[in-house]
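Undergrad: can't give you the sequence, but here's the structure:
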């Protein structure tokens, strides 16, 4: 993807909050979400983040300030879910992004500025919903470091299954329990088998975990039976978000042979409100390659463009805010930090793999990348890795507490951003969720 | 579930085709589906099978012949998917069933007969769609005979995983590729690793299989976080259908460690047009028990009602019709036959297990039972079992062909029915699908 004027790091907006250093949402970003004014019961509709504001796309559409394909795209985005916008494809996404960029730039026409100004809602005053009606949610497993770390807990002799280096492995997740950032959830009940026990017990999860992931949303789909070649894959990807695939490790490890994770995962999956478009991420694309001494991708998963810039360098971090952090008024502890660039497969490879058997992807479908763990211990994306399967206490410096797994009242916050010299910072905002106590019974 | 006058085997309809011996759709059945006149492009709407006809529920609703809750239910069922009807719950389902039963009975009032007659469409003139908008599709794995048979192919030393006798095991399937009976599909491409090979190959499936299953549809759902106790489970189940979980065994067996089946399954899943209600199945409920020397269900999966009549005695058979059968004009060969009563877990246990961690089920969700294989070789519900992993040729007597796995042009037909002395026959119709050649490339 080539760069254009919307990536110019010198571009400035007439909205001053968009120009502040460190903002996640400068004029070069323009991520999409769905929102309404908090507590109003208004219909949800599409919005775009800029500085500390949301541009109301229903209001933009009604204002008549856009025309052509951009106006069509804004109209599609004015609904309670972005599926129709995502179905329109890259030309429409680009038209809307470029039109909003022009309307927000410091030198926009005064009448346009006035019209846009009337469409702004403060981010502090909104609530979000999951940005699409998710038809199907699929979760991949594409960090070789995570696979080895978790594999060691389950299969010490053979941590990495032989297919990992050949297939972007995935499983189907649960679409109904994907929730928007900020939604708390109850510690789940389930069956677990203790080591050496003769029978499982049913009760609240004792090994509750988070998983640091990114998600990406499908744009135009494919008909049942028709694969998507690797060279076309990114035309079917609208953008990326943060995703937390909460996991009940005790339930998961007991249930998952032979059919994979199910109840250990499907009680809750959190996504961030904002979808950062692939166009906004263009400055942060990086080369992709498997190590030379490891299996190389089969031809259907290989392309020159994927090798040249299949990766995305997104900085990621995981924060834990316990009840004590809140009581003491201290900042959350950082558990780990890494980058999405370390994944073993690219999002184009994941999408092509998903459709290679003719499985039909649909606009608005959500694909998760799997836990993102980097090459070092400090870069692990799940607490089961940091605590070495629950055997090592993780200190929370700000409160003096320790953790092996999550406790009631813990809030986990994922953050993501892209940053480098010569390019504007592109932020993802955050994805958060709090663990509530198990429901009695 | 107690029996009532709608189960009376002596009941007769004024529609003579409903009274013919051997019909799947007597007045005691009244299964629900979604249909339109074939080739007309009309909107799909709900319908009920009776004899060789379909009762058009949109026409019934418009006719004004029903009132009260039955009229409300018919109005909900007049849409292109039955989700709203399913959300209404057992009282509404029963009201509509009983009202249609009364209107179809031989002694119905002449004006009612006349009104109903105007709502009939011949089954030979209709096409169907998947009866609900499926939010999520889950497939269980609840035949211990299938688990042992397939386990022997994959893990000869340890065919049954230790959790099988404690958990109704399941995995998430793909909702987008659930198709209605009669929809053909292309042989899928995928990766497979040959025994002893050092690298996988990508190409058309060489071990294509069917799976004889039943499905059941969720009625009223549960809120995220709120389990469904076993005693309430059947209030959340609308009815049952036939389901074929087509499987690419070569792809599946290579991909499925550690996260379970994915591309080996999600290219196509076929369902029958008709959903037989739980009320219609009441005469065929049978006791459920695990063998006394095997683990007994944990308390949350156990109830007196489930033990007394948790099972359902549905007769099932699998037929194969090859291109040669069609060319020679001979009847399909029967590959196997069994009963759903042999499953290791009941549908109530499956539903309760699915929600035990708070996973939210929604009206119209589809749950599959997993392959239904009975205790003997002849009762195996998949060709990988009948062919002992592809090592035994299965004769097709009618054409002189043999099979180890499915070939292009093969049509697999599942049939199901309940039958016993002193009760009306309750049929499921059939679920069929044809294997088309792989798409080039």
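TA: It's in. Note that the coordinates shown come from a computational prediction; the quantities given were computed from them, not determined experimentally. Residues are numbered from 1 along each chain as shown, chains lettered A, B, ... in the order given.
Undergrad: mind checking how far the spatially closest residue to residue A:360 that is not a sequence neighbour is from residue B:434?
TA: Closest residue to residue A:360 apart from its sequence neighbours, by CB to CB, 6 or more residues apart in numbering or on different chains: residue A:224 at 4.2 Å. For every residue, glycine as well, the C-beta is placed using N, CA and C. Computed as CB to CB, to the nearest Å, the residue A:224 to residue B:434 distance reads 14 Å.
Undergrad: In terms of helices and strands, where is the residue nearest to residue A:360?
TA: Residue A:224 is part of no helix or strand when elements are defined by DSSP states H and E.
Undergrad: now for the worst-scoring helix or strand of chain A on mean pLDDT, which elements pack on it?
TA: Every helix and strand of chain A was ranked by mean pLDDT, DSSP states H and E. The lowest is helix A:144-154, at a mean of 88. In terms of contacts (3 or more CB pairs under 8 Å, 6 or more residues apart in numbering or on different chains; DSSP states H and E), helix A:144-154 is packed against helix A:383-386.
Undergrad: can the helix it packs on be found next to chain B?
TA: No. On the criterion CB under 8 Å from any CB of the partner chain, helix A:383-386 is out of touch with chain B, staying 14.1 Å away.
Undergrad: name the helices or strands packed onto the helix or strand just after that helix?
TA: Once the chain leaves helix A:383-386, the next helix or strand it forms, by DSSP H and E, is strand A:394-396. Secondary-structure packing of strand A:394-396 (3+ CB pairs under 8 Å, 6+ apart): strand A:401-403.
Undergrad: Could you please name the strands the helix or strand just after the strand it packs on pairs with and the direction of each pair?
TA: Using DSSP H and E, the helix or strand that follows strand A:401-403 in sequence is strand A:411-418. Strand A:411-418 has the following sheet partners, assigned by DSSP bridges: strand A:315-321 (antiparallel), strand A:426-436 (antiparallel).
Undergrad: And the contacts of strand A:411-418?
TA: A:24, A:210, A:212, A:214, A:242-244, A:272, A:281, A:283-284, A:312-322, A:332, A:340, A:406, A:425-435 (CB atoms under 8 Å, 6 or more residues apart in numbering or on different chains).
Undergrad: Quick check: buried residues in stretch A:40-51?
TA: In terms of neighbour count (16 or more other CB atoms under 10 Å in any protein chain shown), stretch A:40-51 has its buried residues at A:44-51.
Undergrad: Could you check how many residues crowd around residue A:306?
TA: Under the neighbour criterion other CB atoms under 10 Å in any protein chain shown, residue A:306 is assigned a count of 24.
Undergrad: does it belong to a helix or a strand, and which?
TA: For residue A:306, the host element (DSSP H and E) is helix A:304-309.
Undergrad: who touches that helix?
TA: By CB under 8 Å, 6+ apart, helix A:304-309 touches A:1, A:230-231, A:285-289, A:346, A:348-349.
Undergrad: Can you pick out the ones from those that are in helices?
TA: A:348-349 (DSSP state H).
Undergrad: Counting neighbours, which of the contacts of helix A:304-309 comes out on top?
TA: residue A:346 (29 neighbours).
Undergrad: is it true that that residue touches residue A:303?
TA: No. Contact criterion CB atoms under 8 Å: residue A:346 and residue A:303 do not qualify, at 9.8 Å.
Undergrad: which residues are in contact with both of the two?
TA: Between them, residue A:346 and residue A:303 share no contacting residue, judged by CB under 8 Å, 6+ apart.
Undergrad: What residue in chain A comes nearest to chain B?
TA: Closest contact between chain A and chain B, by CB to the nearest CB, is at residue A:260 (2.4 Å).
Undergrad: Which residue, other than its chain neighbours, is closest to that residue?
TA: residue B:260 (2.4 Å).
Undergrad: surely the one you found meets residue A:258?
TA: Yes. Using CB under 8 Å, residue B:260 is in contact with residue A:258, at 7.0 Å.
Undergrad: the more surrounded of those two?
TA: residue B:260 (27 against 21).
Undergrad: so who does the more buried one touch?
TA: Counting by CB under 8 Å, 6+ apart, residue B:260 has contacts A:171, A:256, A:258-261, B:171.
Undergrad: Three-state assignment for the residue lying farthest from the centre of chain A, please.
TA: Farthest-out residue of chain A from its mean C-alpha position, per CA atoms, centre = their mean: residue A:198, at 39.7 Å. Secondary structure state of residue A:198, per DSSP: H, G, I helix; E, B strand; the rest coil, is coil.
Undergrad: quick one: it from residue B:296, how far?
TA: The spacing between residue A:198 and residue B:296, counted by CB to CB, is 13 Å.
Undergrad: same check, this time on residue A:106
TA: Distance from residue A:106 to residue B:296, by CB to CB: 73 Å.
Undergrad: Repeat that for residue A:429.
TA: In terms of CB to CB, residue A:429 sits 49 Å off from residue B:296.
Undergrad: Those two: which is more packed in?
TA: The neighbour count for residue A:429 versus residue B:296, taken as other CB under 10 Å, is higher for residue A:429 (24 against 14).
Undergrad: can I assume that one is in contact with residue A:240?
TA: No. Applying CB under 8 Å as the test, residue A:429 and residue A:240 come out as separate, 11.9 Å apart.
Undergrad: List the buried residues in the longest helix belonging to chain A.
TA: Assignment by DSSP H gives helix A:90-104 as the longest helix of chain A. Buried residues in helix A:90-104, counted by 16+ other CB under 10 Å: A:90, A:92-104.
Undergrad: Then stretch A:369-382?
TA: A:369-374, A:379-382.
Undergrad: Same question for stretch A:418-437.
TA: Applying 16+ other CB under 10 Å to stretch A:418-437 flags A:418, A:423-435 as buried.
Undergrad: Could you export those as CSV, including distance to residue B:266?
TA: Below are the buried residues of stretch A:418-437 laid out as CSV (distance: CB to CB, whole Å):
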residue, distance to residue B:266
A:418, 32
A:423, 38
A:424, 39
A:425, 38
A:426, 33
A:427, 34
A:428, 29
A:429, 32
A:430, 32
A:431, 27
A:432, 31
A:433, 28
A:434, 33
A:435, 32
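Undergrad: can you redo these as a markdown table with pLDDT?
TA: Formatted as a markdown table, those follow (pLDDT from 0 to 100):
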| residue | pLDDT |
| --- | --- |
| A:418 | 98 |
| A:423 | 98 |
| A:424 | 98 |
| A:425 | 98 |
| A:426 | 98 |
| A:427 | 98 |
| A:428 | 98 |
| A:429 | 98 |
| A:430 | 98 |
| A:431 | 98 |
| A:432 | 98 |
| A:433 | 98 |
| A:434 | 98 |
| A:435 | 98 |
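Undergrad: Now the two most distant members of these.
TA: Greatest spatial distance among those (CB to CB): A:423 and A:435, at 36.5 Å.
Undergrad: Which strands border the next helix or strand after the helix holding residue A:306, and is each parallel or antiparallel?
TA: Next along the chain after helix A:304-309, taking DSSP H and E as the criterion, comes strand A:311-312. If you go by DSSP bridges, strand A:311-312 pairs up with strand A:285-286 (antiparallel).
Undergrad: pLDDT on the partner strand, on average?
TA: In this model, strand A:285-286 has a mean pLDDT of 98.
Undergrad: One more: stretch A:310-323?
TA: For stretch A:310-323, the mean confidence score works out to 98.
Undergrad: Mind listing what's buried along that stretch?
TA: A:310-322.
Undergrad: Kindly provide the distance from the residue nearest to residue A:360 to residue B:239.
TA: From residue A:224 to residue B:239 the distance is 26 Å (CB to CB).
Undergrad: neighbour count winner among the two?
TA: residue B:239 (23 against 18).
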